[in-house]
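>>> Need coordinates for the following:
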Amino acid sequence: MLHIVNKSFTQTTALASCLRLAKPGHALLLTEDAVYAATTAAAASSGIADAMARLRVYTLQPDVEARGMAGKLVDGITAVDYAGFVDLVAEHPNNQSWL
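The predicted structure is shown next:
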């Protein structure tokens, strides 16, 4: 299962709901303002730091760069480009977008 979150963890509960329901081995892709949750400054408070023990966590690189967060992600987060996004969707026939 691929979970996709695009909203900031400080403005909605989408990420918290996703992390509560995602099962070990699932993948999580953070896009748009959700990429802030994967930074060293926010990983603990957003829940990403703990989630990395059971989920594969990705960020969309163009969104990271657009927000000036390049070089600020937690170690272990995998940044993907748009082709990588497509690959993740193809690899995971079931996906859930959290709004």
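
>>> So what sits opposite residue 78 in the bridge?
The bridge-partner assignment for residue 78, based on DSSP bridges, gives residue 58.

>>> May I have the residues that are in contact with it?
Under the criterion of C-beta atoms under 8 Å, 6 or more residues apart in numbering, the neighbours of residue 78 are 56, 57, 58, 59. Backbone N, C-alpha and C define where each C-beta goes, glycine included.

>>> what pairs with the residue most central in space within the chain across the strands?
For the chain, the residue sitting closest to the mean C-alpha position, by C-alpha atoms, centre = their mean, is residue 30 at 2.7 Å. Beta bridges link residue 30 to residue 5, residue 59, judged by DSSP bridges.

>>> so it touches residue 57, yeah?
Yes: taking C-beta atoms under 8 Å as the contact criterion, residue 30 and residue 57 are neighbours in contact, 7.1 Å apart.

>>> tell me, what's touching these two both at once?
Taking C-beta under 8 Å, 6+ apart as the contact rule, the neighbours common to residue 30 and residue 57 are 38, 48.

>>> just to revisit the earlier point, write a ChimeraX command that selects only the buried members of the contacts of residue 78.
Selecting just the buried residues from these in ChimeraX takes one command, with 16 or more other C-beta atoms under 10 Å as the test:
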select :56,57,58,59
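
>>> Tell me which residues touch the spatially closest residue to residue 46 that is not a sequence neighbour, please.
Of all residues not flanking residue 46 in the chain, residue 37 sits nearest, at 3.6 Å (C-beta to C-beta, 6 or more residues apart in numbering). Taking C-beta under 8 Å, 6+ apart as the definition of contact, the neighbours of residue 37 are 5, 8, 9, 15, 30, 43, 46, 47, 48.

>>> mind checking how far the first one is from residue 72?
From residue 5 over to residue 72 the distance is 18 Å, taken as C-beta to C-beta, to the nearest Å.
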